[in-house]
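Enquirer: sequence and predicted structure below; questions after.
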Amino acid sequence: METTQKEKISTAELYQEIYKGCKMGGESIVNLLPKVTDDGLRSELTAQLERYEEFASRARDGLFEMDKTAKEENLLTKLSAKMGVMMNTMIDATSSHIAQMIIEGCSMGITELIKAIHAHDESDEAEKLARDVISFEESCTENMKKYL
């Protein structure tokens, strides 16, 4: 028998989802920065990187307070993401294309966090942090539009 109700996730799992998403966002920016030639875009991405690191740190601290350890993405996932960035920028490294890649990454991050919030049935600091990350990624999307 199939159930239509989603499996609930714990606060620790929500923190882990935030951590994972922010680390991937930050690593993607680190991989993109060497390809960026526009100073304005470079400045935007550097600011985004700092915020992703801040959010990841807050999620890691939340896990630590629960006696949990933040888990890194596996090496294959990291290498796959890095290769994706390399392939995408080999074909087109214009500011417009890089902005599009950031918008697409933010959209994926927003989607994953919204799904995680819906599966999380508590209103707590982890959910507040997830909503802060979503708001941040929405603003990143808006900021990138001027480079399209």
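Expert: Yes, it's here. Numbers count the residues shown, from 1 in each chain.

Enquirer: which strands and helices sit next to the helix or strand of the chain with the lowest mean pLDDT?
Expert: Scoring the helices and strands of the chain by mean pLDDT, DSSP states H and E places helix 75-91 at the bottom, with a mean of 86. If contacts are counted by 3 or more C-beta pairs under 8 Å, 6 or more residues apart in numbering; DSSP states H and E, helix 75-91 sits against helix 11-32, helix 95-119. Just so you know, the C-beta spots here come from the backbone N, C-alpha and C atoms, and that holds for glycine as well.

Enquirer: and that helix, how far from the chain's centre?
Expert: From the chain centre to the centre of helix 75-91 is a distance of 15 Å (C-alpha atoms, centre = their mean, to the nearest Å).

Enquirer: how about the CA coordinates for it, as CSV?
Expert: What follows is helix 75-91, C-alpha atoms only, in CSV (Å, rounded to 0.1, in the frame of the first residue of the first chain):
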residue,chain,number,x,y,z
LEU,A,75,33.6,12.9,-3.0
LEU,A,76,31.9,11.7,-6.1
THR,A,77,29.1,14.3,-5.7
LYS,A,78,31.7,17.0,-5.2
LEU,A,79,33.7,15.9,-8.3
SER,A,80,30.6,15.7,-10.4
ALA,A,81,29.6,19.2,-9.5
LYS,A,82,33.0,20.5,-10.2
MET,A,83,33.1,18.7,-13.6
GLY,A,84,29.7,20.2,-14.4
VAL,A,85,31.0,23.7,-13.7
MET,A,86,34.1,23.0,-15.8
MET,A,87,32.1,21.7,-18.7
ASN,A,88,29.5,24.5,-18.6
THR,A,89,32.1,27.2,-18.5
MET,A,90,34.3,25.6,-21.2
ILE,A,91,31.4,26.0,-23.6
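
Enquirer: so which bits of that helix are buried?
Expert: If you call a residue buried by 16 or more other C-beta atoms under 10 Å, then helix 75-91 has these buried ones: 81, 85, 88, 89.

Enquirer: now stretch 129-141
Expert: Result for stretch 129-141 [16+ other C-beta under 10 Å]: buried residues 129, 130, 132, 133, 134, 136, 137, 140, 141.

Enquirer: next: stretch 28-36.
Expert: Using 16+ other C-beta under 10 Å as the test for burial, stretch 28-36 gives 28, 29, 31, 32, 35, 36.

Enquirer: over to stretch 51-68?
Expert: The neighbour-count check on stretch 51-68 (16+ other C-beta under 10 Å) flags 51, 52, 55, 56, 58, 59, 60, 62, 63, 68 as buried.

Enquirer: before I go, just wanted to say thanks for your time.
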